[in-house]
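Colleague: one predicted model, sequence on top.
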Amino acid sequence: MKKMTGVIAVTLVVSILFSGNSLINAKTEKKSGIKTKKVTMNTGQKKSIKLKNKKKKAKYLFQSSKTKIIKVSKKGVMTALKAGKAKITVKEKLGKKTKKIGTVSVTVKKAVQPAPSPEQKVTPTPVSTPTVTPANERPKVSPLAPTPDPVQTEPPQTPTPKPPVNPEIKDTPAKLDSTQSGVKYGKVVKRQYYSSITEKNRNVNVILPDGYTEEKKYPVIYLFHGGMGDENDWINGKVQNMIGNMIASGEAKEMIVVMPNCRCRENDAANPSDGFAPDHVHSFDKFLDDFRDNLMPYIESAYSVATGRDNTAIAGLSMGGRVALNIGISLPDQVGYIGAFSPAYGIFPYTNNGLTEEGLFTDETFTLPDHYKNSTYLLINNGNQDGMVKEEPQRYHNALEANGVHHTFYTLDGGHDWVVWKNGFYNFARYLF
């Protein structure tokens, strides 16, 4: 009995030692985090986000909430662009798991120009009729006080891009979507980005041009799918071959192609059973916020992107065409090229297929600010035999024309199908960037 008691005692001691070591190891494993969570910067300034307890095998992702105020590189270098406040979300990706480790609150202040030094000479402004003020009536002025800066009026700037006045609409080349010998095509990769709208990771397909390098900045085109599709729609339509052949033939410039899922809700799978239900249709309208606040910042942080409206294009087919028009008209300062191929109902009030919507715009509000009306390349097309969207694209064209927005509208023989959409993409991509 004593021997048995001794064995049990030894076992307990060993167990306690091992469990104690486990507890010690658990306590000594420190969590990754951010060293400085509040930062103040001046416009034009750059600062790096400092992390603590970084894991060797982990990848760290940085995303700005307002890229027009502060942008951040994939290495965590922040660049202050204009005065305002923004937050940088930092995530840690380890294996298949991605988790948020914190945020950096950034306040950007406008850089103050230094006052002239005492040694600087100020040339007085000549006046036509000089007068002399008696000494006893002159205001006392410190010899070191700088003279007020004259009010400066910035010269009006012409926004870019400058769209073609009368773009030539060509027939679709016979082998546009075929693999051709001697042509090197970009590789399709599937990525995920975190959406603050759906509060989950969302899929996006990306095509980088052959020979992609971070030593170069590339413009971006975002392509939006139809009402029953997903991020794979354009891949199934062989856009990877179309853009590769156009770049090889010199008809298009090198660009990054991004194809997201525009169904911005929890259930974002293709071919949903509620295809004509309000919740499904309105999920495409919510994508505007996801595009602006999450997708664009992710792409700009993950890849070597040329930013600005003259380097950003959007286009879509069917419901994706409606998405493109909604985003393009709503974010004219960020998007300079808008393509809508057989755009769906919903821009204006309508009743169709048992669904009634109030519309995203009225005839009067479906327009661009005056300084963008002639500096945005906007193209709409439709099939002459389209029984799905019918005459709705013509209605959009009529409103834009009445509002003085420079754009291109044309129709061709075809239905609600790839015959029309491929031709739209071809004629749109030829004039990009």
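Modeller: That came in fine, so what should we check first?

Colleague: how close does the closest residue to Tyr426 other than its chain neighbours get to Ile70?
Modeller: Computed as CB to CB, 6 or more residues apart in numbering, the closest residue to Tyr426 that is not its neighbour in sequence is Thr172, at 5.4 Å. (C-beta placed from N, C-alpha, C; glycine too.) Computed as CB to CB, to the nearest Å, the Thr172 to Ile70 distance reads 42 Å.

Colleague: of those two, who's got more company?
Modeller: More neighbours surround Ile70 than the other of Thr172 and Ile70, with 26 against 19 (other CB atoms under 10 Å).

Colleague: wait, what's in contact with that one?
Modeller: 41, 64, 78-81, 86, 88, 106, 108 (CB atoms under 8 Å, 6 or more residues apart in numbering).

Colleague: apart from its chain neighbours, what residue comes closest to it?
Modeller: Ile70 sits nearest to Ala86 (CB to CB, 6+ apart), 4.6 Å away.

Colleague: for the host helix or strand of the one you found, buried residues please.
Modeller: Take DSSP states H and E as the rule and Ala86 turns out to sit in strand 84-94. For strand 84-94, a neighbour-count test (16 or more other CB atoms under 10 Å) marks 84, 86, 88-92 as buried.

Colleague: mind showing which ranges of the stretch 151-300 of the chain have poor pLDDT?
Modeller: Within the stretch 151-300 of the chain, the stretches with pLDDT under 70 are 151-158.

Colleague: and the stretch 1-150 of the chain, by the same measure?
Modeller: 1-29, 111-150.

Colleague: mind listing the helices for it?
Modeller: 2-28 (DSSP state H, counting those that start in this stretch).

Colleague: which residues in it form strands?
Modeller: Shown for the stretch 1-150 of the chain, the strands assigned by DSSP state E, counting those that start in this stretch span residues 33-34, 38-42, 46-48, 51-52, 59-64, 70-72, 77-80, 84-94, 97-109.

Colleague: what's the second one packed up against?
Modeller: This means strand 38-42. strand 77-80, strand 97-109 (3 or more CB pairs under 8 Å, 6 or more residues apart in numbering; DSSP states H and E).

Colleague: so which of those is nearest Pro164?
Modeller: strand 77-80 (33.2 Å; CB to CB).

Colleague: how far out from the middle of the chain is the closest one?
Modeller: 17 Å (CA atoms, centre = their mean, to the nearest Å).

Colleague: one more: stretch 196-207?
Modeller: Computed by CA atoms, centre = their mean, the chain-centroid distance of stretch 196-207 equals 12 Å.

Colleague: buried ones in it?
Modeller: 197-198, 202, 204-207.

Colleague: show me the contacts for the most centrally placed residue in the chain.
Modeller: The chain has Met296 as the residue nearest its centroid, 2.1 Å off, counting by CA atoms, centre = their mean. Contact analysis of Met296 by CB under 8 Å, 6+ apart lists 67, 312, 334.

Colleague: helices along the stretch 201-350 of the chain, start to end?
Modeller: So, for the stretch 201-350 of the chain - with DSSP H, counting those that start in this stretch - the helices run 233-236, 239-249, 278-290, 296-302, 319-330.

Colleague: I'd like those helices as CSV, with distance to Gly414 appended.
Modeller: Formatted as CSV, these follow (distance: least, CB to CB, whole Å):
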stretch, distance to Gly414
helix 233-236, 17
helix 239-249, 16
helix 278-290, 23
helix 296-302, 31
helix 319-330, 14
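
Colleague: from the contacts of Ile70, which is closest to Lys96?
Modeller: Ile88 (23.8 Å).

Colleague: hmm, back to that, out of the helices and strands packed on strand 38-42, which one sits most buried?
Modeller: Looking across the helices and strands packed on strand 38-42 with neighbours counted as mean count of other CB atoms under 10 Å, the highest average goes to strand 77-80: a mean of 20.

Colleague: distance of Asp370 from Gly237?
Modeller: From Asp370 to Gly237 the distance is 36 Å (CB to CB).

Colleague: compare the two (neighbour count), which wins?
Modeller: Comparing Asp370 with Gly237 by neighbour count (other CB under 10 Å), the higher total belongs to Gly237, at 19 against 9.
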